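Student: Dropping a prediction and its sequence here:
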Amino acid sequence: MNPIAISVGGVVLYWSSLLLCLGAAAWLTLALALYRTDGGPAGAVWVWFPFAVLFSVLLARFLHWYCHAEQYTGLLAAMTRYDGGGYCLPGLLLGTALAALLAVRLGFAPGAAGLLDALAPGAALCITLIRLGALFGSADRGKLLITKPVLQHLPFAAPVATASGAVEYRFATFFVEFLLLLALSLWLLRFYLRQRHAPMRGGRADGSVALLFLVLLSAVELVADSTRYDSSFLRSNGFVSLTQIVSAAAILAVLIYYVVRSVKARGFAPQHILLVLLWLAGLGATAYLEYLVQRHGDWYLFCYAMMSLSCAAMALAPCLAYRTLRVRSR
C-alpha cells in the first residue's frame with residue numbers, strides 16, 4: 001500500500017507522487033541555475049522541460065507496455081490510462097535527450113552538448129528522489145530474501161507483508177540505489193562546476209558531464225536491476241533485462257566515442273586495446289555472475305559483490321578513455 005502524504009477533501013497525494021514532483025522540480029531548478037551560470041539562455045531549459053516530460057512519459061510507458069503487456073488490456077490503454085502499470089528508466093533518458101535536441105532544433109539552445117551537460121546533475125537528482133519514493137510502496141522490495149537478522153534493516157532490507165500476514169525482509173533495491181545516486185548527483189555537480197571546461201585534446205569538453213553521468217548511472221543500473229523482482233525483459237529474452245542491455249550498450253557507446261577521439265587526437269596506442277578488453281572482461285564477468293545468481297539464489301552476497309566490481313570495471317574503461325584526452329595542467 002502506498003502511504004498517503006496529503007489528503008485534503010477529495011485530493012489525495014501519495015508520498016511516491018510527491019517525491020516524483022519534487023524530483024522534477026529539483027531537476028528543472030538545478031538545470032536552470034547551471035545553464036544560466038554557464039552563459040546559456042534560460043529559454044532553452046523552459047522549452048526543454050515540457051517536451052522532456054511528454055516524451056519521457058510516453059517512451060517510458062511504451063517500453064513498459066512492451067515488456068509487461070500482460071498488465072494492460074492493450075497499447076492504447078497503456079498510453080492513455082495511467083492509474084496502473086509502470087515505466088522504464090531508458091524511456092526517461094531517451095525522452096530527455098530528444099527534448100534537448102528539439103530545443104536546439106527550434107533555435108532556443110546553441111548546442112545539445114552544453115544543454116545536456118547542464119541537465120545531467122539534475123537528472124541524477126531527480127532519479128535519486130524517484131528511487132527514494134519507491135521506499136513508500138512495494139516497489140523497493142527486491143527479489144532477494146534477507147534472512148540474517150543483522151541485515152534486516154535499511155539500507156539493506158525492507159519489510160513486506162506476505163499473503164498470510166507474516167512479515168519478511170527483502171533487499172531494499174531502490175533505497176540502496178538512492179544512496180548511490182545521491183553520491184553521483186553530488187559528484188556530477190562538482191564535476192560540472194570545476195571540470196566542465198577543462199581543456200581536452202582533439203576538441204571541446206562539451207558533453208563530457210552528460211556522457212560520464214550515463215556511464216556511471218548505467219553501471220549502477222546493471223547491478224540494481226538484477227535484484228528487482230519486477231525487472232522488464234524483452235519478449236524474446238528472459239535472461240537479462242532491457243535496462244541491463246541498454247546500460248551495457250550505453251557504456252560501450254561512450255567508450256567507443258572516447259577511444260575514437262583519443263586515437264584521432266593522440267594516435268593509436270596499446271592502451272586503447274586494453275580499455276576495450278577491460279570492458280569486455282567486465283561484461284563477461286557480469287553475464288556469468290548474472291547466470292550464477294539466477295541458478296544459485298543463496299549465493300547472492302558473493303555474486304552481487306563480484307558483479308559490482310565487474311560493472312565498475314566496465315564503467316572504468318570509458319572513464320580512463322576520457323582521461324587520455326584531458327590536458328594536464330602544469
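Tutor: Ah, there it is.
Student: can you pull the buried residues of stretch 129-144?
Tutor: 129-136, 139-144 (16 or more other CB atoms under 10 Å). All C-beta atoms are positioned from the backbone trio N, CA, C, and that covers glycine.
Student: how about the nearest residue to residue 315, chain neighbours excluded?
Tutor: Leaving aside its sequence neighbours, residue 315 sits nearest to residue 219 (CB to CB, 6 or more residues apart in numbering; 3.8 Å).
Student: wait, isn't the one you found in contact with residue 244?
Tutor: No: using CB atoms under 8 Å as the test, residue 219 is too far from residue 244 to be in contact (11.0 Å).
Student: Neighbour count: those two, which is higher?
Tutor: For residue 219 against residue 244, the residue with the higher neighbour count under other CB atoms under 10 Å is residue 219, and the figures read 27 against 24.
Student: give me the element that one is part of.
Tutor: Residue 219 is part of helix 208-227, with elements assigned from DSSP states H and E.
Student: go on, residue 65?
Tutor: In this structure, residue 65 is located in helix 42-67 according to DSSP H and E.
Student: cool, and residue 123?
Tutor: When secondary structure is defined using DSSP H and E, the element that contains residue 123 is helix 112-133.
Student: So residue 154, which state does it fall into?
Tutor: Classification of residue 154 into helix, strand or coil gives coil, according to DSSP: H, G, I helix; E, B strand; the rest coil.
Student: How many neighbouring residues does it have?
Tutor: The burial count assigned to residue 154 is 12, neighbours taken as other CB under 10 Å.
Student: next one: phi and psi at it?
Tutor: phi -70, psi 140 (degrees, to the nearest 10).
Student: ok, now which ones touch it?
Tutor: Taking CB atoms under 8 Å, 6 or more residues apart in numbering, we find residue 154 in contact with 172, 175.
Student: mind saving the C-alpha coords of whichever helix or strand comes after the helix holding residue 65 as CSV?
Tutor: Where DSSP H and E defines the elements, the next helix or strand beyond helix 42-67 is helix 75-80. Backbone C-alpha positions of helix 75-80 (Å, rounded to 0.1, in the frame of the first residue of the first chain) are rendered in CSV as follows:
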residue,chain,number,x,y,z
LEU,A,75,-1.3,-0.5,-26.2
LEU,A,76,-4.0,2.2,-26.4
ALA,A,77,-5.0,1.6,-22.8
ALA,A,78,-1.3,1.7,-21.7
MET,A,79,-0.7,5.1,-23.4
THR,A,80,-3.9,6.8,-22.3
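Student: in the next helix-or-strand element following helix 75-80, what counts as buried?
Tutor: Following the chain from helix 75-80 toward its C-terminal end, the next helix or strand by DSSP H and E is helix 89-105. Along helix 89-105, these residues count as buried under the neighbour rule (16+ other CB under 10 Å): 89-104.
Student: For helix 89-105, name the packing helices and strands.
Tutor: Using 3 or more CB pairs under 8 Å, 6 or more residues apart in numbering; DSSP states H and E, the elements in contact with helix 89-105 are helix 42-67, helix 112-133, helix 242-266.
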